[in-house]
Structures are given as structure tokens and as C-alpha cells.
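Asker: need coordinates for the following:
(one chain, ligands or ions: 1)
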Amino acid sequence: MILGAGPAGLACAYRILKNAPEKSVVVLDRLTFVGGAGASFKWKGHTLDYGPHAFHSRGSEPEQLIRSLFARESHLLIEGTKQVHVYLKGKRFRYPLQVGECLVKFNPLLSLLIMLEFSLTSIFHSVVSIPVENFENWGKKRFGSSLYKMSFGDYTEKVWKTKASKISEKFASEKIQGFSFVNLIRRLLRVGGQVTEPYFQTWIYHKYGSGNVYIRLADQIRQMGGEILLGTNVRSINHDCHHVYSLTIDREGGAAELPCAHIVNTIPLPHFVNLFGNGAPFPVRYHASKLRYISLILVYIEFAVERISDDHWFYLLDPDFKFNRVTEQKNLSAATMEPGKTVLSFELTCRVGDNYWNMSDEALFELAKADCKNVHFLKNKANRITDYLVKRVPNVYEIYFKNFDQHAERLLGYLSDFENVSTAGRRGLFLQGDQHQSVEMGLKMADMVSNGSVARQDIENFLRQYVKYIDDY
Ligand SMILES: Cc1cc2nc3c(=O)[nH]c(=O)nc-3n(C[C@H](O)[C@H](O)[C@H](O)COP(=O)(O)OP(=O)(O)OC[C@H]3O[C@@H](n4cnc5c(N)ncnc54)[C@H](O)[C@@H]3O)c2cc1C
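Answerer: Numbers count the residues shown, from 1 in each chain. Here you go, the predicted model:
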């Protein structure tokens, strides 16, 4: 039994059936479509993703799996290199930020201040050891105050709707890596310096929208005899101390019990643990209640123009912008849009029930239009807007509040006491990763569970590989 028909759950089901065709595999999802956050939907003549969903390619196993699904129709997979910019201090910069470009485009006094702070901070911290306690400390220590605030600090607070001092420094190690001052200076002086690239540059994408990859994966699972139960709400997990024996699901106005030999979870970790009900000890339920999510509002605006820009997406770093990021999906695949039109999706993070969440669609549209006025290539396009659509997606991003790791660790510890339960994927492990990482985890988990019993040591190695926020796995 697999909970969740997103990238991780589907990849896991597919691989189990490949490894052991005789196995009975059931995938359950409460939504009525497959693909999780990577799904797409139709709006008029367009096919839209829930935010951009380029599949990062590195010639790895996840990429090979996706390519194998379309081996006979390889024209359906488009590949490309990311073109991303940021808006900062009213100017447009390439992303990831190139320090040379920043220093040239910023006002010279600001550039000087950044270099000075950067150098002094680096020297100071190389002789004085001050513990890093949160994301703000982490950023200031590495970049100096001004550069940190402009490039990460303000944006972090805007996205997570909280002070950066309340965010764990472990968020940085997942999202921002490979930064070295010496390396940077060498690159600036053009005397070498390694281009450490934390940011995935190349992608593959289905010509008709990200979700088609998962529709194809689901079709293959069904053809191999797997079952996918969509629109299915799980009420509870029925268990004793070390063994899960069934799930209770909602069915036709009542409930039904589904026996299971093994559960692979890929739904959000705290939600999964809550399904164990009062059978889970109080401290475990307490830790589950401490893991939080941020939600997303997407405002899709249709323009009667062929294209707005060349960017796949651009970030709105300045705090004056209400929205975080704008995507022009047409630049991933023109076939996802009606001819002669393009749709931009504007992303705004919020909490379920807050002012943004409760705003009318029209008010959100007006807010997006207000941000357009401060983007040079959008400010004159208001008269080309032909329509808009608003989608609200609850709980899409895991928040790394301080101490989140201790809460997550307790939940993973509780689950590891069950001999027939395993958890994987971005949601299942409370991670920040992308599609290819969830697919990879699904495949690896499948290899472990395909032969029936899962060795404890294998699970520990798996967690050590993926759950970097826990130090002593
Ligand atoms: C706006 C946005 C943009 C992104 N852009 C990219 C990108 O460009 N490239 C990239 O690679 N990744 C991107 N990602 C990340 C990507 O979406 C995730 O890494 C990936 O979807 C994680 O797959 P998953 O299977 O672990 O989780 P999910 O995709 O979240 O799937 C989990 C599934 O569990 C189901 N579920 C949840 N609760 C229950 C329940 N109680 N009962 C039953 N089912 C349940 C959900 O319906 C869902 O189908 C983006 C994410 C967002 C939100």
C-alpha cells in the first residue's frame, strides 16, 4: 500500500511492480488526479502547472525513468537550460546572482559597502567563533548584513511570512550551498575559481505540461496490474505497537477497511503520523503538531501577446513586491498555451485563513497587477490582459522553523518502530527537494520493499542519505 500519488508514490509503485510483477500494489490519494504538486490542469485552451515544474535532468535514474516512459514518443519531452532572473533594487539580474553583475549594476556606494562588510565579516568569523543559531545569523555571518538582507533575508521573510531569526539555519544547508568567499574573489579576478553550482540548470519537460509525466507513469502502473484509488480519504491507520495491519478509508458514505502487508508513506509526515490516532503516544502527536507548512496562492494572468519575456521564471526579491515569483510557462513549452497568448503565474505564499487566503479573487488579481507596474517589461502590458484565474493550494511548502529537526526526528523515530512502515519523498521526510529527488527516493524505497521484509539497516542508510537535517543518522 502506498499513500500519495505524487512523484514519490508513483515512482515507488512503478518500481515495485517492475521488480516483483506478482506483488499487489495499491496507491491511494485524496485528490482526484495523479502527480501531486507536479500535476497540471486545463484552463480554456491552456494547460497550466501549479507553479513551474521543470524536471531537473542530470542523466540520473529519475531522468532515465522519465525518458523510458516516452521512449517511443521522445518528441513529447522537451529539454532546455534554465533562464531565470531576479528583480532587485528595481533592476533585473541573472539568477543565480553573478557577483560581478551585481557590483556593476548596484550604486557604487552600495557595492563598496557590500565588499567591505563581506571582507570584514569573513575575517572576523575566521578568528572569532560564534555559534550559528538561525537563518539570519547564518546569512549575516557568510555574506555581511547588506548582501544577506538583499539577496536572502528579505525574500526569506516574504516567502515564509516570519522573521528569518525564527527559521532554522538548516534551511540554508538544504537550499543554499557551495558558497566560498575565496572562490568568489578568484572568479571576480578571473584567476580560476570553481563554479560550484547548487542550482540545477538543465531540465526536461513534457510538451503538454508537467502533469502528463505522472499520468503516463500512472497508466503504466495500471497496465502492470497496480491499482490507483483517487479521491480517497484515509480515516485511520489500524495498528498495534510494531505492526500496521489495515487502513480505514471513506467509501460511498461509509467506511471500508483495506488490509495491508506494508505501507510506504509519501504524504506529509505529520499528517501520516496523525492517522495513527490516539494509538500514537501523546509526545509523538505533540511533535506532529509542531511541524508547519506555508500555503500558496497562484494568480494566472492571460495576456493577448505571443510572449512577455524569455525567462522561465523570475523572482521578485524586493520586499515591496507582494508576490514571490512569476513564471512564463510558455517558455518551457509553447504547446501548453493557446496560440497568440501567454499566461504568467504569480506566486504568493500565505497561511490558510490569513488575509491573503481570504481575499477575493479580484483583489488578488489587482495585487498582481500592482506588482506588474514595477517590472519594466510588464508595466505597459495591462491593456493586453484578457483574463485571470486564481488557485489556492494549502500547505505546499514545509517550514523549517527553529527546532523543526527535533520534531521531525521524533516522528521518524516513532515510525521506525513499525516493522512494515516506511516513509519517503519530499512530503514523507519533511524535505525541501524537487521532483527528481522524490522520484529517486520512491525508486530506492521500492528496491528495499520489493522483496517483502525491509532490513532496519537499509532504512537507516536511506534516511542518512536523504535526511540531512538530522546530524547523527
Ligand atoms: C510552486 C512549486 C513549484 C515547484 N517547482 C518545481 C520545479 O520547477 N522542479 C521540480 O523538480 N520541483 C518543483 N517543485 C517541487 C515538487 O513539486 C516536489 O518536489 C514534488 O512534487 C514532491 O513529490 P512528492 O511525491 O514527494 O510529494 P507531492 O507531489 O506533494 O505528492 C504527495 C501526494 O500525497 C497526497 N496526499 C496528501 N495528503 C494526503 C492524505 N491525507 N491522504 C491521501 N493522499 C494525500 C497529495 O494529494 C499528493 O498527491 C515545486 C513545488 C511547488 C509547490
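Asker: contacts only, for the residue of the stretch 201-350 of the chain found nearest the ligand.
Answerer: Residue of the stretch 201-350 of the chain nearest the ligand, by Cβ to the nearest ligand atom: Ile267 (3.8 Å). Any C-beta I mention is one placed from the backbone N, CA and C, and that applies to glycine too. Shown here is Ile267, whose contacts under the criterion Cβ atoms under 8 Å, 6 or more residues apart in numbering are 3-4, 427-428.
Asker: ok, Pro7 next?
Answerer: Pro7 neighbours (Cβ under 8 Å, 6+ apart): 35-36, 38, 214, 425, 435, 438-439, 442.
Asker: now do the phi/psi pair for it.
Answerer: When quoted as degrees, to the nearest 10, the phi and psi of Pro7 stand at phi -50, psi -40.
Asker: which helix or strand contains the nearest residue in space to it that is not next to it in sequence?
Answerer: Using Cβ to Cβ, 6 or more residues apart in numbering and skipping residues adjacent in sequence, the residue nearest Pro7 is Ser438, 4.3 Å away. When elements are assigned from DSSP states H and E, Ser438 belongs to helix 435-449.
Asker: now check that helix, is it near the ligand?
Answerer: Yes: contact of helix 435-449 with the ligand (Cβ under 6 Å from any ligand atom) involves 435-436, 438.
Asker: just the buried ones among those, please.
Answerer: 435-436, 438 (16 or more other Cβ atoms under 10 Å).
Asker: packing partners of the host helix or strand of Ile297?
Answerer: Using DSSP H and E, Ile297 sits within strand 293-303. When contacts are defined as 3 or more Cβ pairs under 8 Å, 6 or more residues apart in numbering; DSSP states H and E, strand 293-303 sits against strand 342-350, helix 355-358, helix 361-372, strand 385-398.
Asker: mean neighbour count, those: which tops it?
Answerer: Using mean count of other Cβ atoms under 10 Å, the stretch among the helices and strands packed on strand 293-303 with the largest mean neighbour count is strand 342-350, at a mean of 23.
Asker: quick one, it and strand 385-398 angle?
Answerer: For strand 342-350 against strand 385-398, the angle by axes from the mean of the first three to the mean of the last three Cα atoms, to 10 degrees is 40 degrees.
Asker: what about Gly9, which helix or strand?
Answerer: For Gly9, the host element (DSSP H and E) is helix 7-19.
Asker: quick one: is that helix near the ligand?
Answerer: Yes: Helix 7-19 reaches the ligand (Cβ under 6 Å from any ligand atom) through 7-9.
Asker: same for the helix or strand following that helix, what does it pack against?
Answerer: Downstream of helix 7-19, the next assigned helix or strand under DSSP H and E is strand 26-28. Judged by 3+ Cβ pairs under 8 Å, 6+ apart, the packing partners of strand 26-28 are strand 2-3, helix 7-19, strand 227-229.
Asker: run the chain-centre distance for the longest one.
Answerer: Going back to what we said before, that points to helix 7-19. Distance of helix 7-19 from the chain centroid (Cα atoms, centre = their mean, to the nearest Å) equals 20 Å.
Asker: buried residues in that helix?
Answerer: Neighbour counts using 16+ other Cβ under 10 Å place 7-18 of helix 7-19 among the buried residues.
Asker: who's in contact with Ile237?
Answerer: Ile237 sits next to 244, 246-248, 263, 275-277 when contact means Cβ under 8 Å, 6+ apart.
Asker: then Gly9?
Answerer: Contacts of Gly9 (Cβ under 8 Å, 6+ apart): 2-3, 27, 29, 36, 264, 266, 425, 442.
Asker: quick check: the residue lying closest to it once chain neighbours are set aside vs Arg384, distance?
Answerer: Nearest non-adjacent residue to Gly9, counting by Cβ to Cβ, 6+ apart: Thr266, 4.1 Å away. According to Cβ to Cβ, to the nearest Å, Thr266 stands 41 Å off from Arg384.
Asker: the more surrounded of these two?
Answerer: Taking other Cβ atoms under 10 Å, Thr266 and Arg384 do not tie; Thr266 has more neighbours (33 against 15).
Asker: tell me the residues of the stretch 151-300 of the chain that contact the ligand?
Answerer: 234, 266-268, 271, 296.
Asker: in strands, which of the residues you listed appear?
Answerer: Of those, the ones assigned to strands by DSSP state E are 234, 296.
Asker: let's have the residues of the stretch 151-300 of the chain next to the ligand in TSV, adding pLDDT.
Answerer: Below are these laid out as TSV (pLDDT from 0 to 100):
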residue	pLDDT
Val234	96
Thr266	98
Ile267	98
Pro268	98
His271	97
Leu296	98
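Asker: ok, of the residues of the stretch 151-300 of the chain next to the ligand, which one's closest to Asp318?
Answerer: Leu296 (19.8 Å; Cβ to Cβ).
Asker: specify the beta-bridge partners of that closest one.
Answerer: On the basis of DSSP bridges, Leu296 is bridged to Thr349, Val393.
Asker: what sits against it?
Answerer: Counting by Cβ under 8 Å, 6+ apart, Leu296 touches 50-51, 347-350, 392-393, 396-397.
Asker: same thing but 10 Å
Answerer: Residues in contact with Leu296 (Cβ atoms under 10 Å, 6 or more residues apart in numbering) are 37, 50-51, 324, 347-350, 357, 391-397.
Asker: check Val375 too.
Answerer: Val375 neighbours (Cβ under 10 Å, 6+ apart): 87, 90, 92, 308-309, 314, 316, 321, 326, 344, 381.
Asker: those residues: which two are farthest apart?
Answerer: Gly90 and Leu344 (19.4 Å).
Asker: domain-wise, how is this protein divided?
Answerer: 2-41+210-281+401-466, 97-188, 293-398 (automatic domain parsing).
Asker: okay if I get these as TSV plus distance to Leu76?
Answerer: Output for the domains of the chain, formatted as TSV (distance: least, Cβ to Cβ, whole Å):
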stretch	distance to Leu76
domain 2-41+210-281+401-466	8
domain 97-188	31
domain 293-398	9
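Asker: which of those is buried the deepest?
Answerer: Mean neighbour count (mean count of other Cβ under 10 Å) peaks for domain 2-41+210-281+401-466 among those, with a mean of 20.
Asker: end-to-end on that one?
Answerer: 19 Å (Cα to Cα, to the nearest Å).
Asker: distance from that domain to the middle of the chain?
Answerer: Domain 2-41+210-281+401-466 has its C-alpha centroid displaced from the chain centroid by 17 Å (Cα atoms, centre = their mean).
Asker: same deal with stretch 337-351?
Answerer: Stretch 337-351 has its C-alpha centroid displaced from the chain centroid by 18 Å (Cα atoms, centre = their mean).
Asker: again, but for stretch 141-158
Answerer: In this view, stretch 141-158 has its centroid 21 Å away from the chain centroid, taken as Cα atoms, centre = their mean.
Asker: now that stretch - C-alpha only, CSV.
Answerer: In CSV, the C-alpha atoms belonging to stretch 141-158 read as follows (Å, rounded to 0.1, in the frame of the first residue of the first chain):
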residue,chain,number,x,y,z
LYS,A,141,28.0,35.5,9.0
ARG,A,142,28.5,34.4,5.4
PHE,A,143,27.6,37.5,3.4
GLY,A,144,27.7,40.5,5.7
SER,A,145,24.5,42.4,6.6
SER,A,146,23.6,44.2,3.4
LEU,A,147,24.2,41.4,0.9
TYR,A,148,22.5,38.9,3.1
LYS,A,149,19.4,41.2,3.6
MET,A,150,19.1,42.0,-0.1
SER,A,151,19.7,38.6,-1.6
PHE,A,152,18.3,36.2,1.0
GLY,A,153,17.0,37.9,4.1
ASP,A,154,14.1,40.0,2.9
TYR,A,155,13.0,37.3,0.4
THR,A,156,13.1,34.6,3.1
GLU,A,157,10.8,36.6,5.4
LYS,A,158,8.5,37.3,2.5
